[in-house]
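> Give me coordinates for this.
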Amino acid sequence: MSCANVKGLFRIIQSIPSPKAEPFKLWLSQVGYERLLEIENPELAQERMKALYEQKGYPKDWIDKRLRGIAIRQNLTDEWKERGVTSEKDYAILTVEISKATFGLTPSEYKELGRSVVSEENFLPKKTEDGNLEEKSS
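Down below sits the predicted model:
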C-alpha cells in the first residue's frame, strides 16, 4: 500500500481534473493566499489564531493570556539565542529548569498530571440552558 503525506495529498488533489475537486482546489488556493498575507502582515496570523480559539469556545481572557504567554516565550527564546543557546537540547534543559522553579514540575510531569486533571471540560466554557456560553472567572 502506498502512502502520501499531507503535502503530497494536496499535490495529488491539485492535479485531479474533475469538477468535484474544484471546491477543494479553491479552498487550497484561499488558504495559500491567506498565508501569504500573514507573511506580509504577521498580525493577521494572530487574529486568525484568536478567531480559532473563539470558535472552539475559549473565553476571551483565556485567549488573551495565551497570546501573552506565546509572546513572552518568544522573547525568552530570543534572549537565550542572543546568549548563545543553539541546540534544541539546550532549550529543553532551560525550559525544564524554569518549569521546575516556577511550578515545581517538569513539563513531562505536568503533562502526565494533566492527563488526569487537565481536560477540555476544565478549560472550555460550559453552555447554559439557553445555549449561550457560560463566562468563567479568572
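
> helix/strand/coil for residue 105?
Recorded secondary structure, residue 105: coil (DSSP: H, G, I helix; E, B strand; the rest coil).

> Run a quick neighbour tally on it.
Counted with other Cβ atoms under 10 Å, the neighbours of residue 105 add up to 15. In this view, the C-beta of every residue, glycine as well, is placed from N, C-alpha and C.

> can you check the one 3 residues further on too?
Neighbourhood size, residue 108 [other Cβ under 10 Å]: 10.

> what do you get for residue 21?
15.

> check which helix or strand covers the residue nearest the centre of the chain.
Of all residues in the chain, the one closest to the mean position by Cα atoms, centre = their mean is residue 49, 7.3 Å from it. Per DSSP states H and E, residue 49 falls inside helix 43-55.

> Pull out the buried residues from that helix.
50, 53 (16 or more other Cβ atoms under 10 Å).

> Now that helix: average pLDDT?
The average pLDDT within helix 43-55 is 93.

> contacting residues around that helix?
By Cβ atoms under 8 Å, 6 or more residues apart in numbering, the residues outside helix 43-55 that reach it are 34, 37-38, 60, 62-63, 66-67.

> next one: stretch 86-99
Looking at what lies outside stretch 86-99 - Cβ under 8 Å, 6+ apart - the contacts are 77, 80, 85, 105-107, 110.

> so where's the protein shaky on pLDDT?
In the predicted model, the chain carries pLDDT under 70 at residues 1-2, 114-128, 130-138.

> ok, which stretches of it are helices?
6-15, 22-40, 43-55, 60-82, 88-103, 107-116, 120-123 (DSSP state H).

> Dump those helices into JSON lines; add distance to residue 129 as well.
Below are the helices of the chain laid out as JSON lines (distance: least, Cβ to Cβ, whole Å):
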{"stretch": "helix 6-15", "distance to residue 129": "40"}
{"stretch": "helix 22-40", "distance to residue 129": "36"}
{"stretch": "helix 43-55", "distance to residue 129": "22"}
{"stretch": "helix 60-82", "distance to residue 129": "22"}
{"stretch": "helix 88-103", "distance to residue 129": "37"}
{"stretch": "helix 107-116", "distance to residue 129": "29"}
{"stretch": "helix 120-123", "distance to residue 129": "17"}
